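In: Let's see this in three dimensions:
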Amino acid sequence: MSEPPVLELRGLRKRYAVGTPGEVEVLHGIDLRLGRHEFAALIGPSGSGKSTLLNLIGLLDTPCAGELCLLGEPTRALDDGRRTSLRGRSIGFVFQFHHLLPAFTALENVLLPAMARGRRPTMVQRQEALALLEAVGLGPLADRKPYELSGGQQQRVAIVRALAGRPDLVLADEPTGNLDTQAADAVFALLRRLHQERGFALLVVTHDPRLAGRCDRIVELVDGRIRSDASR
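Out: Presented below is the predicted three-dimensional model:
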């Protein structure tokens, strides 16, 4: 029996201001499957619904209709506690702005998801966090604060933080949008290498056609509908 896709969307719809004169539908019945080990880009013009779709996939918001299955589990009817638990153990997030806490070291920032769940990081978690920082060339900088790191180094810490819990799905929202070309290329290459080594599914939102063209699959969203979905 084949394993379920990491992500499956069936007829996903999202409306805002429901029941008011200003009601508007932003997503119009999205169907999408993302298998394990896929490296896909989500592209589209501003206002196409990319951020709304990413929030739904990340279980940060709920659809008005349709179903979203994560690792084969339907999520629309889950209560907040179960959604939070599923998100915490299954999804890693990388954003355009790294959102590192300035008072914490690089290592402490990587361990934040474990601490946010109310548990003191274990020795195994600390060792894995250090190993990941070492793998991305930041081992010697583990005790430095964010202001002591370059923009590219800070984003590498954010990527390591997203991967520390061994998620099945990583969502990257414009992860290179705040970097110069050289740093962006380095961060993208790092995402690609870690994806190959660790086997998670990755969906990256980008406005950069150069970076999208280096993904294995490109999903284009226009006016709340998938216009094209092509593997390379």
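In: Determine which residue lies closest to the centroid of this structure.
Out: With distances taken as CA atoms, centre = their mean, the residue of the chain nearest its centroid is residue 171 (1.4 Å).
In: Name the SS class of that one, please.
Out: The three-state label for residue 171, taken from DSSP: H, G, I helix; E, B strand; the rest coil, comes out as strand.
In: how about it, what does it touch?
Out: If a contact means CB atoms under 8 Å, 6 or more residues apart in numbering, then residue 171 has 54, 57, 58, 91, 92, 93, 94, 202, 203, 205 as its contacts. (Glycine included, C-beta is placed from N, CA and C.)
In: now do residue 167
Out: If you count contacts by CB under 8 Å, 6+ apart, residue 167 has them with 89, 90, 91, 92, 200.
In: Mind checking what secondary structure it has?
Out: Under the three-state scheme (three-state DSSP), residue 167 adopts coil.
In: Let me know the closest of the contacts of residue 167 to residue 152.
Out: Closest approach to residue 152 among the contacts of residue 167 (CB to CB): residue 92, at 18.8 Å.
In: State the pLDDT value of that closest one.
Out: Note for residue 92: predicted pLDDT of 89.
In: same thing with residue 107?
Out: Reported pLDDT for residue 107: 92.
In: Name the nearest residue to it, ignoring sequence neighbours.
Out: Spatial nearest neighbour of residue 107, chain neighbours left out: residue 142 (4.3 Å); criterion: CB to CB, 6 or more residues apart in numbering.
In: one step back: now, the contacts of residue 167 that are in helices?
Out: Using DSSP state H, the subset of these located in helices is 89, 90.
In: most neighbours, which of the contacts of residue 167?
Out: Per-residue neighbour counts (other CB atoms under 10 Å) across the contacts of residue 167 peak at residue 92, which has 25 neighbours.
In: and the next element down the chain from the least confident helix or strand in the chain by mean pLDDT?
Out: Least confident element among the helices and strands of the chain, by mean pLDDT, DSSP states H and E: helix 112-116 (a mean of 73). Following helix 112-116 in sequence order, the next helix or strand is helix 123-135 (DSSP states H and E).
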